[in-house]
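Student: Task: produce atomic coordinates for the following.
(2 chains)
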Protein chains: 2
Amino acid sequence: MNTTDIKIDAHIEANLDYWIQQLARLCAQPSVSAQNLGIVECAELVANMLREQGFAAEVMPSAGNPVVYGEGDGRSDKTLLFYLHYDVQPAEPLELWDSPPFVLDRRGDKLYARGVTDDKGHIICRLAALAAVRDALGYLPCNVKFIIEGEEEVGSPNMPAFVEEHQELLAADACIWEFGSVDYSGTPQQSLGMRGICYVELSVKTADIDAHSGLGGSLFPNAAWRLTWALSTLKNQDEHILIPGFYDNVVGSSQRDLQLIAQLPDEASKLKAQYGLDRFLLDMEGGVAFRKTAVFAPTCTICGLESGYQGPGSKTVLPATARAKVDFRLVPDQDPADIVQKLRTHLDAQGFSDVTVTYLGGGRPAKVDPDHPFVHLVNQAARDVYGVDPVIEPLIGGSGPNYPFIHTLGLPLVSAGIGYPGGQAHAPNENIRIEDFIKGTRHTARIIERFGRTTD
Amino acid sequence: MNTTDIKIDAHIEANLDYWIQQLARLCAQPSVSAQNLGIVECAELVANMLREQGFAAEVMPSAGNPVVYGEGDGRSDKTLLFYLHYDVQPAEPLELWDSPPFVLDRRGDKLYARGVTDDKGHIICRLAALAAVRDALGYLPCNVKFIIEGEEEVGSPNMPAFVEEHQELLAADACIWEFGSVDYSGTPQQSLGMRGICYVELSVKTADIDAHSGLGGSLFPNAAWRLTWALSTLKNQDEHILIPGFYDNVVGSSQRDLQLIAQLPDEASKLKAQYGLDRFLLDMEGGVAFRKTAVFAPTCTICGLESGYQGPGSKTVLPATARAKVDFRLVPDQDPADIVQKLRTHLDAQGFSDVTVTYLGGGRPAKVDPDHPFVHLVNQAARDVYGVDPVIEPLIGGSGPNYPFIHTLGLPLVSAGIGYPGGQAHAPNENIRIEDFIKGTRHTARIIERFGRTTD
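Tutor: Predicted coordinates:
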């Protein structure tokens, strides 16, 4: 380890209690976007915490919740952008928490609070890393910018437009994403992209009121049947999505992607046990094909069905309304707006103009070149901190607003962070291990320091 | 009108207040089979009311709620069986009643209470008619039997077995069914049969717990998809039911049935307006074909769908379970047990062995020959009382336990009663018009008196 890294690490260790206090301060401010709870207050708090660390910061309006923008000048002409979010998931169900969700509680080597890992711990991690680097070097080695949004937990509906509108302000050379984690073995995982999503509701109304099935069964259109037939035209049992043109823009996985996927741990049997599955789709049993399908296949998932009588026993009713929630996970270069249009065209062509399609939100898929120099820099920094090579996920199954950062701003983007598999993000007793916070902060600091020294 | 009829009618008029009091007494005893409320008490009360009218009566056990059996000897060797039920629908929603549901309330020319038309008013109607005939003649002209069950409102699950077991006790020559009604124009309607029903729940469980759709979408079987695909194999958009052998036992409508159907009023436009329909199935617009399809086509109705997330907005969940309620209306000579078996075979053949079929109840369809002398007797009696020819429905769309009476006991069976279209059966403010009670009682009395005189 060189003397700079030693100084940085010593600063992080020496200031650990201070940063845990700052994390406690941030977690004490509820900021539940789904419930519109404490959003504006939390945005102001985050801006103040940035200012306290010497950054310029402002709370900017968006079409939805305010966005905290921050910046600080460094010695090189490189700019590193941190994407983060200050909003959190609802704390409910409260009775399953062992300590109050909005009070940071230290128990043993862990810290508990809503948002402690997702994503407030990452906000503090970035600030702690920046302070350590600046104090160790006497200056910031690169320019830094922050974009800390307040709607990530409700799908970041306004992030693409915000980024589009503020391209100049947000201009940078690389981006560190909001999360990062080690796996069960302590190996850091780094993901280079996320699937997109297109979430729709299909609804049918065939009458003003439900009818008795003995009266209407032979005569009246049935909303539940209309919906069932419409859905059955979307995907066949071979998991092939039947909407014409659905696969048109699918790029597929590269040889390099497959190489990375081959190196990932195989979690098929763990998943089978955890979820109580008898089988996987398409007779898959694990292996590279399984891990490739997991993320590189676009999906059409029925997330919910609702119609008519759902109670115990029987009720002889013919439903006037029926609804389905449907979630398409998209892979590069599919586009949710295009998918919604193709879905509408398909339903009309199949005779289902009576099925209403309501777009409930979505985002485009995006991924970064695994051989981008910035990716190598982040990986090398992880190797130095964690002592092992990170595993690289070329794409993950979930979705997030990384498209505007990768494509609108044109940034390489890598995850680095403080999470671990037991972190209970979105669930009661959300927590981090202090050791992961330290390592994630050291990792972030090394990225900043080395990025300042890059010349390409 | 002959002197006997005049005497009978005078007796009914003179005793009207007494019978309204008896109806109030019966309605004051709640007897909600779906809620197991007051069932045994009501069975005892009904048996006592039969005894007070000079009939032998006993409360007999069944595999479910007790059955009240009653009998009385008459002058001829003919026996007339009255099928009725003492159970009622739940009174809820209570806030929509204008008077307490279990207190008979007279407002103007109407009587209000839960069960006043379905079916306690009919129990009183039969007793009032029998008393009038006996007092007018000085004797009962035929033997009478009563079978008054306590599970009609929950599908009469034990009636077929009860009738099978007690064939000798229930032996008779004809049966008067539990209901009967005039239409909007005051014309009495008489139905000669009911469709059968086979009510099932289809359920699928693909995992122990729901999964995140970003994780499982490409990998995990989805219960909602399994259910959707399974359902879509049951019926096509031409309303053709695709279960092999489903139509094997369908007899179809006779020329005589079609003749009767041709004489029925056309209610297509009334239904369209009442239910807010844009169209009927199969481009039907009314007419004889419409009225024939309404009752002579067997159906497959999805009564309910339930899976995954059903709340507002989006939740990216992959459901582990899904359920559908499905109701098949059956026509002569289909059999629910056979249909369940064919459904199971079909689902297995289509690869849906993972879809569980749970039989929730049903009964066989049955109808009576429109030219049976007893049908003519009942119709002639109606003409005399109402002054118009009754309209004859060879089959109605709803279902009830008439199969064991028509086929196990071999009885001609006709409806005759006190209902009208505004009676709100099953709904708040259930009511009868006193005038309909009087006419229905006169009609019942004439049937009894004439049936005693038949010799064939």
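Student: How about residues contacting stretch A:361-372?
Tutor: With CB atoms under 8 Å, 6 or more residues apart in numbering or on different chains as the test, stretch A:361-372 has contacts from A:155-157, A:159-160, A:192-199, A:256-257, A:260, A:328, A:330-336, A:375, A:392, A:394-395, A:399-403, A:405-407, A:412-414, B:314. C-beta coordinates here come from the backbone N, C-alpha and C atoms, glycine included.
Student: Let's see that with 6 Å instead.
Tutor: Residues from elsewhere that reach stretch A:361-372 (CB atoms under 6 Å, 6 or more residues apart in numbering or on different chains): A:155, A:157, A:192-193, A:195-199, A:256, A:330-332, A:335-336, A:394-395, A:399, A:401-403, A:406-407, A:412-413, B:314.
Student: From those, list just the buried residues.
Tutor: Using 16 or more other CB atoms under 10 Å in any protein chain shown as the burial test, the contacts of stretch A:361-372 include A:155, A:157, A:192-193, A:195-199, A:330-332, A:335-336, A:394-395, A:399, A:401-403, A:406, A:412-413, B:314 as buried.
Student: which residues of chain A score low on pLDDT?
Tutor: Scanning chain A with the threshold set as pLDDT under 70 gives A:456.
Student: Which parts of it belong to which domain?
Tutor: Using automatic domain parsing, the domain ranges for chain A come out as A:3-192+A:368-453, A:195-250+A:298-363.
Student: For residue B:357, find the nearest of these.
Tutor: domain A:195-250+A:298-363 (13.5 Å; CB to CB).
Student: and that closest one, how far apart are its ends?
Tutor: 9 Å (CA to CA, to the nearest Å).
Student: ok, residue A:435 to residue A:9 distance?
Tutor: Distance, residue A:435 to residue A:9, using CB to CB, to the nearest Å: 13 Å.
Student: mind putting the domains of chain A in CSV, distance to residue B:44 included?
Tutor: Shown next, in CSV, are the domains of chain A (distance: least, CB to CB, whole Å):
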stretch, distance to residue B:44
domain A:3-192+A:368-453, 47
domain A:195-250+A:298-363, 26
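Student: ranges for the strands of the stretch 201-350 of chain A?
Tutor: When secondary structure is read from DSSP state E, counting those that start in this stretch, the stretch 201-350 of chain A shows strands at A:211-212, A:301-308, A:317-318, A:321-330.
Student: Name the helix or strand for residue A:43, please.
Tutor: Element membership for residue A:43, per DSSP states H and E: helix A:39-52.
Student: Tell me the buried residues in that helix?
Tutor: So, applying 16+ other CB under 10 Å, buried residues of helix A:39-52: A:39, A:42-43, A:45-47, A:49-50.
Student: Would you check how far apart the closest residue to residue A:349 other than its chain neighbours and residue B:217 are?
Tutor: Closest residue to residue A:349 apart from its sequence neighbours, by CB to CB, 6 or more residues apart in numbering or on different chains: residue A:244 at 7.7 Å. Distance from residue A:244 to residue B:217, counting by CB to CB: 21 Å.
Student: More neighbours: the two, which one.
Tutor: Counted by other CB atoms under 10 Å in any protein chain shown, residue A:244 and residue B:217 do not tie: residue B:217 has more neighbours, with 29 against 11.
Student: shouldn't the more buried one be in contact with residue A:302?
Tutor: No: Residue B:217 is not in contact with residue A:302 according to CB atoms under 6 Å; the separation is 10.3 Å.
Student: To residue A:429, which of the strands of the stretch 201-350 of chain A lies closest?
Tutor: With CB to CB as the measure, strand A:301-308 is the member of the strands of the stretch 201-350 of chain A nearest residue A:429 (25.6 Å).
Student: Can you list the neighbours in contact with that closest one?
Tutor: Contacts of strand A:301-308 (CB under 6 Å, 6+ apart): A:224, A:317, A:319, A:322-327, B:213, B:217, B:224-225, B:303-305, B:307-310, B:317-318.
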